[in-house]
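A.B. asks: Everything below, folded, please.
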Amino acid sequence: MSRPEDQLPPDLYYNETTSKKYDTNSRIKNIQAQMTHRALALLNLKSPSLILDIGSGSGLSGEILSSIPPPIGPHTWIGADISASMLAVALEREVEGDLLLADAGQGLAFRPGTFDAAISISAVQWLCNAESSVETAEGRLKRFFESLYIALKRGGRAVCQFYPRDDRQKKMVSSAAIRAGFGAGLLEDGQGTKAVKVYLVLTVGASGDITGVVDGMDGVEVEDGRKRGGKKGVKNTRRDEITKTKARLERKGRVVKATTKYTGRKRRIQF
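C.D. replies: Numbers count the residues shown, from 1 in each chain. Below is the predicted model of the structure:
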């Protein structure tokens, strides 16, 4: 049986008919609810938060976010999806979140530090398919994760549940997140079964330690993008460090001075 993302782009696959079937299928709704609660457990939120739901569809996950009882909830959420038909179903159901028609593969247009957290259920695998000859899967993932990093507050967390085609695709997704600056951990539920579900747990900044999020869970592979060093045997120069710092600040929306031939040079001591 072919995967949905192999058949059509998501905005075409989830047309009016498919979107309504998705929203009314009791099996799909139960699975969606289980994965949403799992993502919330991995986020480990302690108070009502502003959450971005990427690939929000008809608002099934959003309804759960709105229903979390005090003192942890209810959460306020904004949903972004590429399918206008899915969003139309959400509007018909009068979900409580704000909705945005957007292609995550082109980047998320939010101000720096807008959200406390983000979730994505069964959506990221769609970004692994390039929709035209001028795009690449790597480019779409790069734009998505870099813009998500910017949209989250320092110390913020994100959990992306997705269905990778194979280990190569799983590595491509996690590597794109790490290159964007996230601390990243991969968790697999149901290992060795056809129902395996992969969760990419992401944190922003030193205060969001990824090892604290997934501590004590079996099957978690952790790689922290903030602690990666250079290639073995290659010494980083002062200019390299300054350039990396500037690039990181620019991703966060900060204005930095232009890099010139004088960047990183030590000043002579004047007597």
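A.B. asks: Three-state assignment for the closest residue to residue 139 other than its chain neighbours, please.
C.D. replies: Nearest non-adjacent residue to residue 139, counting by Cβ to Cβ, 6 or more residues apart in numbering: residue 130, 7.7 Å away. Bear in mind the C-beta positions are built from the backbone N, C-alpha and C, glycine included. Per DSSP: H, G, I helix; E, B strand; the rest coil, the secondary structure class of residue 130 is coil.
A.B. asks: Next: residue 64.
C.D. replies: helix.
A.B. asks: residues touching it, list them.
C.D. replies: Shown in contact with residue 64 (Cβ atoms under 8 Å, 6 or more residues apart in numbering): 33, 36-37, 40.
A.B. asks: per-residue pLDDT, the residue nearest to residue 180 when sequence neighbours are not counted?
C.D. replies: Distance criterion Cβ to Cβ, 6+ apart; nearest residue to residue 180, sequence neighbours excluded, is residue 145 at 3.8 Å. We have a pLDDT of 98 for residue 145.
A.B. asks: Then the one 3 residues further on?
C.D. replies: Looking at residue 148, its pLDDT reads 98.
A.B. asks: Please report the number of neighbouring residues for it.
C.D. replies: Residues near residue 148, counting by other Cβ atoms under 10 Å, number 26.
A.B. asks: related to what we said a few turns ago, so what's the residue nearest to residue 139 up against?
C.D. replies: 136-137, 139-140.
A.B. asks: can you put these in a markdown table and add pLDDT and neighbour count?
C.D. replies: Shown next, in a markdown table, are the contacts of residue 130 (pLDDT from 0 to 100; neighbours: other Cβ atoms under 10 Å):
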| residue | pLDDT | neighbour count |
| --- | --- | --- |
| 136 | 92 | 11 |
| 137 | 93 | 17 |
| 139 | 94 | 15 |
| 140 | 95 | 22 |
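A.B. asks: Mean pLDDT per helix and strand in the chain: which one sits at the bottom?
C.D. replies: helix 210-213 (a mean of 48; mean pLDDT, DSSP states H and E).
A.B. asks: one step back: just the buried ones out of the contacts of residue 64, please.
C.D. replies: Among the contacts of residue 64, the ones that count as buried by 16 or more other Cβ atoms under 10 Å are 36, 40.
A.B. asks: where in the stretch 101-250 of the chain is pLDDT low?
C.D. replies: 131-133, 191-194, 206-237 (pLDDT under 70).
A.B. asks: Which parts of it are strands?
C.D. replies: For the stretch 101-250 of the chain, applying DSSP state E, counting those that start in this stretch gives strands covering 115-121, 152-162, 183-189, 197-203, 220-224.
A.B. asks: so how many other residues sit close to the residue nearest to residue 180?
C.D. replies: 31.
A.B. asks: Roughly how far does it sit from residue 49?
C.D. replies: Residue 145 sits 20 Å away from residue 49, going by Cβ to Cβ, to the nearest Å.
A.B. asks: go on, residue 168?
C.D. replies: Residue 168 is 34 Å from residue 49, by Cβ to Cβ.
A.B. asks: Next: residue 30.
C.D. replies: The value you get for residue 30 to residue 49, if Cβ to Cβ is used, is 25 Å.
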